[in-house]
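Peer 1: dropping the sequence and predicted coords here.
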Amino acid sequence: MIDPTAQPSAGAGAKMHAKRFLKPADSQAFFAPIEPPDRASHRRWVICSLLFLATAIAYVDRGVIAYLEKFLEGVIPGLDSIAYGYILAAFQAAYAIGMFAAGGVTDKLGTRKSFAIAIGLWSVAAMLPGAASSVITLAVAMFLLGLGEAANFPACIKTVAEWFPRRERALATGIFNSGANIGNMLVPLAVPALVALVTWRGAFIVTGAAGLVWLLFWLVDYRRPEQHRSVSSAELALILSDPAEKLDSIPWSRVLPCKETWAFATAKFLTDPVWWFYLFWLPRYLQSTFGLSLTANRLPLVIVYAVSAIGSVGGGWISSALLKHGRTLNVARKTAMLVCTLAVVPVFAAPFLHRLWLVVALVALATAAHQGWSANLFTTASDMFPKTAVGSVIGIGGMAGAVGGMLLQLAAGYVVGLTHSYVPLFALACSAYAGSLLIVHGISPKLAPARIESFDTPE
C-alpha cells in the first residue's frame, strides 16, 4: 500500500521543485512561477479534500441499496431478506478479494492511475442497479462495486504518505476517514429526494455518476507533490521534511506467521461484520419494525451516523488522554477498547423495545462505540509492527473483516427470513467486542512489538 520507492530527502526534493521556478534565458513566459517561491502553498489539503470526497462517495454508493431494499422488495422479483443476504455477500466477497489485491496494484500503478481505475469501476457499478431487473443483476452490480471500493482505503493511505509529513498524517487520515460518516448521513437525506425526482432507478444513476465527476477533478489535479506546479518550494520542503526512509511494504508471507497479525485479524473478523450489519440492515430494520416510509426513515439514520462520527474521535481521545497521564501504551489502548466494549452492551435490548427513539439512541451509542473501538484497533497494528509492515497487516485484517462480513450477510438473510427476528443479530453485535478484546489480550498481553523473521533484507 505504500510507495515502494524511497522518498527523496527534503533537500533533494526542494532542489527538484526549485527547477520548476527557474527561468532560463531562452524560456517562454509559460515557465514563469505560478506564485512567489517564498510563499507557502497549501495544496496538500486540497488533495486531502479529494480523498474525503472519494470516501464519502464510496459510502453513499454502497448505502443506496441498503436504504432502498425494503422498497425494492415490491419491485424486483424474488427479492426478500434471504436474497438480500446473498446480494450483500457478493459485495463482501468482492471486497475481500479487492483488499487482497489493492495494495499491490496501488504500489505498481501509483495512486493516480490505480485510484482512477478503482473509482471508475465502482462508479459504473454503482449505477448498474438502476438497470437491474432481477436478484442476479443486483448481485453482479454489488460484486463489481465491492471490487472497486476495496481500493479506496489503500489508495487514500498511500496518497497521505506521499503528500504529508509524519506529524500531519494522523490528522489527514482522520479528515478523509470522516467522509465515511458523512456519506452515511447523505444517503437518507438525498435518496428520498432523488427517488421523488428521478425514480429509484435514477437515484442509483445519479449517485453513481458523482464518482465520475470526482474522477475528472482527480485526473486534472493529482500529481505527486514534487511534480505538481501548484506546490511551492516551502510546501514541498515541509512535505519532504522527514528523514529519508525505506518505504517498501513487507509482504504478507512475512507477517502472516506472527501471532500479533492473528490477534488483529481475528478482532477484525469478529467486529467488522457488526459495522456492516448496521450499514446494510439498519435501514431495513427501522422500516419494517416501525413502519417507516423512505422519508420518515431519514432523521433516525442521520442521527445514528452523526453520533458515530463523535465516537471515532472520542475513542482516540480516551487512549491519547491516558497516554498523556503516564499510562503505558498497552493500558491506554486496551482501556479505550474496554470502554467501547461496555458501551456496546445496551444495544442487545434494541429488538425488545418498541419506542423508535430509544432504539435509535441505543444503536447510535453502539455505532459510536464501534468507531472508537475501530480507531484503537487500527492503531494497535502500528503499535505492534514497524511502519513497513503495517500496510500488509491492515490488508490481512481488512480481508478477514470482509470475509466475516460476507458470512454475516448470509446468516442475517436466513435469520431474518426464517425467524423474522433480529434478536440473534443484535446479540452478536453486543458480544463480538468482548470476545475480540479477550483474544487480543490473550495473544498480545503487553502489545509488545512483533518479531518478524528475516526483517532485514539485503540491499
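Peer 2: Looks like it came in fine.

Peer 1: confidence-wise, which helix or strand of the chain is lowest on average?
Peer 2: Sorting the helices and strands of the chain by mean pLDDT, DSSP states H and E puts helix 10-18 at the bottom, at a mean of 43.

Peer 1: and after that helix, which helix or strand comes next?
Peer 2: Per DSSP states H and E, the first helix or strand lying C-terminal to helix 10-18 is helix 43-72.

Peer 1: got the buried residues for that following helix?
Peer 2: Under the neighbour-count criterion of 16 or more other C-beta atoms under 10 Å, helix 43-72 has 43-44, 47-48, 50-72 buried. Any C-beta I mention is one placed from the backbone N, CA and C, and that applies to glycine too.

Peer 1: quick one: that helix to chain centroid distance?
Peer 2: 10 Å (C-alpha atoms, centre = their mean, to the nearest Å).

Peer 1: equivalent analysis for stretch 320-338, please.
Peer 2: With C-alpha atoms, centre = their mean, you get 24 Å for stretch 320-338.

Peer 1: so what touches that stretch?
Peer 2: Contacts to stretch 320-338, defined as C-beta atoms under 8 Å, 6 or more residues apart in numbering, come from residues 315-316, 318-319, 372-373, 376-377, 379-380, 383, 433, 437, 440-441, 445-447.

Peer 1: which elements pack onto the longest helix along the chain?
Peer 2: In terms of residue count, the longest helix belonging to the chain (DSSP state H) is helix 179-221. Helix 179-221 sits against helix 43-72, helix 111-127, helix 298-324, with contacts defined as 3 or more C-beta pairs under 8 Å, 6 or more residues apart in numbering; DSSP states H and E.

Peer 1: show me what secondary structure element comes after the first one.
Peer 2: Going down the chain from helix 43-72, the next helix or strand is helix 81-109, by DSSP H and E.

Peer 1: relative to Ser374, how far out is Ala412?
Peer 2: To Ser374, Ala412 is 20 Å away according to C-beta to C-beta, to the nearest Å.

Peer 1: higher neighbour count, these two?
Peer 2: Applying other C-beta atoms under 10 Å to Ala412 and Ser374 shows that Ala412 carries more neighbours, namely 26 against 22.

Peer 1: compare the helices and strands packed on helix 179-221 and give me the one nearest Phe352.
Peer 2: Nearest to Phe352, of all the helices and strands packed on helix 179-221, is helix 298-324, at 17.7 Å by C-beta to C-beta.

Peer 1: look up how far Glu260 lies from Ala412.
Peer 2: Distance of Ala412 to Glu260, computed by C-beta to C-beta: 30 Å.

Peer 1: and Ala125, by the same measure?
Peer 2: In terms of C-beta to C-beta, Ala125 sits 35 Å off from Glu260.

Peer 1: again, but for Val345
Peer 2: Val345 is 27 Å from Glu260, by C-beta to C-beta.

Peer 1: go on, Gly311?
Peer 2: With distances taken as C-beta to C-beta, Gly311 is found 25 Å from Glu260.

Peer 1: output the below-cut-off pLDDT ranges for the stretch 201-350 of the chain.
Peer 2: 244-249 (pLDDT under 70).

Peer 1: skipping adjacent residues, who's closest to Asp272 in space?
Peer 2: Of all residues beyond its chain neighbours, the one nearest Asp272 is Gly401 (3.0 Å), with distances taken as C-beta to C-beta, 6 or more residues apart in numbering.

Peer 1: where does that neighbour fall, phi/psi-wise?
Peer 2: Torsion angles at Gly401 (phi, psi; degrees, to the nearest 10) stand at phi -60, psi -40.

Peer 1: ok, it - contacts?
Peer 2: By C-beta under 8 Å, 6+ apart, the contact set of Gly401 is Lys268, Phe269, Thr271, Asp272, Pro273.

Peer 1: change it to 7 Å
Peer 2: Taking C-beta atoms under 7 Å, 6 or more residues apart in numbering as the criterion, Gly401 is in contact with Lys268, Phe269, Asp272.

Peer 1: was I right to think Leu286 contacts Leu299?
Peer 2: No: applying C-beta atoms under 7 Å, one finds Leu286 not in contact with Leu299, separated by 10.5 Å.

Peer 1: so between the two, which is more surrounded?
Peer 2: Neighbours per residue (other C-beta under 10 Å) separate Leu286 from Leu299, with Leu286 holding more: 21 against 15.

Peer 1: who touches that one in this structure?
Peer 2: Leu292, Asn297, Pro300 are the contacts of Leu286 under C-beta under 7 Å, 6+ apart.

Peer 1: and for Ile82?
Peer 2: Gly413, Tyr414, Gly417.

Peer 1: show me which of those residues are buried.
Peer 2: Gly413.

Peer 1: which of the contacts of Ile82 fall in strands?
Peer 2: Within these, no residue falls in strands by DSSP state E.

Peer 1: could you list the domains of this protein?
Peer 2: Following automatic domain parsing, one finds the domains of the chain at 42-224, 253-445.

Peer 1: including distance to Pro243, could the ones you listed go into JSON lines?
Peer 2: Shown next, in JSON lines, are these (distance: least, C-beta to C-beta, whole Å):
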{"stretch": "domain 42-224", "distance to Pro243": "10"}
{"stretch": "domain 253-445", "distance to Pro243": "12"}
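
Peer 1: between the ones you listed, which one is nearest to Leu240?
Peer 2: Closest approach to Leu240 among those is made by domain 42-224 (7.7 Å; C-beta to C-beta).

Peer 1: so where's the stretch 51-200 of the chain uncertain?
Peer 2: 170.

Peer 1: hmm, try it at 90
Peer 2: Within the stretch 51-200 of the chain, the ranges that satisfy pLDDT under 90 run 74, 98-111, 114, 151-181.

Peer 1: follow-up on the earlier one: Val160: which of the contacts of Ile82 is nearest?
Peer 2: Of all those, Val160 sits closest to Gly413, with 36.5 Å by C-beta to C-beta.

Peer 1: quick check, the closest one in contact with Tyr86.
Peer 2: Yes: at 6.5 Å, Gly413 counts as touching Tyr86 under the criterion of C-beta under 7 Å.

Peer 1: residues near Ile175, how many?
Peer 2: Residues near Ile175, counting by other C-beta under 10 Å: 16.

Peer 1: mind telling me what element it is part of?
Peer 2: helix 166-177.

Peer 1: got the contact list for that helix?
Peer 2: Counting by C-beta under 7 Å, 6+ apart, residues outside helix 166-177 touching it are Cys48, Leu51, Phe52, Thr55, Cys156, Val160, Ala161, Phe164, Asp242.

Peer 1: then stretch 418-432?
Peer 2: Outside stretch 418-432, the residues that reach it (C-beta under 7 Å, 6+ apart) are 270-271, 274, 277, 285, 344-345, 347-348, 350-351, 366, 412, 415-416.

Peer 1: and the gap between the residue nearest to Ile394 when sequence neighbours are not counted and Ser444?
Peer 2: Computed as C-beta to C-beta, 6+ apart, the closest residue to Ile394 that is not its neighbour in sequence is Ala381, at 5.6 Å. If you measure Ala381 against Ser444 using C-beta to C-beta, the figure is 11 Å.
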